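Undergrad: Here is my input; please provide its structure:
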Amino acid sequence: MDIIFKIIGIGLITCIASLIVKPVRNDFAMLISMVGGIIILVMILSSLSSAISLINSIAQKTGVNGNLLSIVFKIIGIGYLTEFSASMCADAGSAGLGDKVLLGGKIVILVMSLPIITSILDIVMELLPS
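TA: Have a look, this model is predicted:
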């Protein structure tokens, strides 16, 4: 719970610093925002390892295929990183590029989810009477 207060603090400090610097040097304001965002991203990733290990132990206990769980984690990561990158593009004044990054992320997620969809269809087909 302590991590959220640190993230909020860094976000607010970054935002205020960017607003103060923006009238003087717009390029530095954008750099401050990017650095603050990267710091927050690193903090989030470092706190994510305990959640991943817990989910892996649950998967082992339930017998869920590890490859499918790995794909789910990759899809979640792609979604978060895509949204983060698109927000950075929008902050830099290039919302159109951010939209294209989002579209690319959605397409990658679709392609990566195909093995999960195939597995679900296989299970459904096994349950249906012949």
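Undergrad: Sketch out the low-pLDDT regions of this protein for me.
TA: For the chain, the stretches with pLDDT under 70 are 130.
Undergrad: distance of the one residue sitting closest to the centre of the chain from Met1?
TA: In the chain, the centroid-proximal residue (CA atoms, centre = their mean) is Tyr80; its distance is 1.4 Å. Look at Tyr80 and Met1: by CB to CB, to the nearest Å, they are 20 Å apart. (C-beta placed from N, C-alpha, C; glycine too.)
Undergrad: Could you list the domains of this protein?
TA: Domain segmentation of the chain under automatic domain parsing yields 1-62, 65-130.
Undergrad: Any idea how far the longest one is from the middle of the chain?
TA: If I follow you right, that is domain 65-130. 10 Å (CA atoms, centre = their mean, to the nearest Å).
Undergrad: In the longest helix along the chain, which residues are buried?
TA: Criterion DSSP state H: the longest helix present in the chain is helix 26-62. Neighbour-count burial for helix 26-62 flags 29-30, 32-33, 36-37, 39-40, 59 (criterion: 16 or more other CB atoms under 10 Å).
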